[in-house]
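K.L.:
Fold the stuff below for me.
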Amino acid sequence: MKTVTIYTDGACSGNPGPGGWGAILSFNGVEKELSGGEASTTNNRMELTAVIAALSALKEPCTVELYSDSKYVIDALQKRWVYSWKAKGWIKSDKKPALNVDLWEQLLPLVEKHQLHYHWVKGHADNPKNNRCDQLAVAESKKYK
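P.N.:
Here you go, the predicted structure:
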């Protein structure tokens, strides 16, 4: 399997408010940037959308090194919380409904298709690719102001 490195980020001006997402896919020294946004959304929805878009861009099953500054996304997948939420009818351990079920339902089949390794990175720090994803996401969010 090919190994692809993916960086993702989401941004939102207000929560909810205008938002954007950015992703960088790297394979064999070649990088591809993806981005998009919505007029009214949340930061977590944009974080999830970035991962969905990046994984959807892969044309075949791959080993994916996924980097994100979203604890929400990384922890839910790496610690398998999302599978527990789904098994319990999208109810979390605190008995509250899980949020963004529509996006999780899009993401889980993509996760199953690939072999993912999850990496949390500190946001707004010294990681150039994470910072570039943030720039892409913020630029997209500004289109809706």
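K.L.:
Three-state assignment for the residue in the chain sticking out farthest from the centre, please.
P.N.:
Outermost residue of the chain with respect to the C-alpha centroid, by CA atoms, centre = their mean, is residue 95; its distance is 24.6 Å. Assigned with DSSP: H, G, I helix; E, B strand; the rest coil, residue 95 falls in the coil class.
K.L.:
how near is it to residue 74?
P.N.:
For residue 95, the distance to residue 74 (CB to CB, to the nearest Å) stands at 23 Å. In short, each C-beta sits where N, CA and C put it, glycine included.
K.L.:
repeat for residue 21
P.N.:
15 Å.
K.L.:
Pull out the C-alpha coordinates of stretch 99-109 and format them as PDB.
P.N.:
Taking Å, rounded to 0.1, in the frame of the first residue of the first chain, the C-alpha atoms of stretch 99-109 are listed here in PDB:
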ATOM      1  CA  LEU A  99     -22.700  15.900  17.600                       C
ATOM      2  CA  ASN A 100     -21.900  15.900  13.900                       C
ATOM      3  CA  VAL A 101     -23.400  12.400  13.300                       C
ATOM      4  CA  ASP A 102     -23.900  13.100   9.600                       C
ATOM      5  CA  LEU A 103     -20.100  13.800   9.200                       C
ATOM      6  CA  TRP A 104     -19.000  10.900  11.400                       C
ATOM      7  CA  GLU A 105     -21.200   8.600   9.200                       C
ATOM      8  CA  GLN A 106     -19.400   9.900   6.100                       C
ATOM      9  CA  LEU A 107     -16.000   9.600   7.700                       C
ATOM     10  CA  LEU A 108     -16.200   6.100   9.200                       C
ATOM     11  CA  PRO A 109     -16.400   4.200   5.900                       C
END
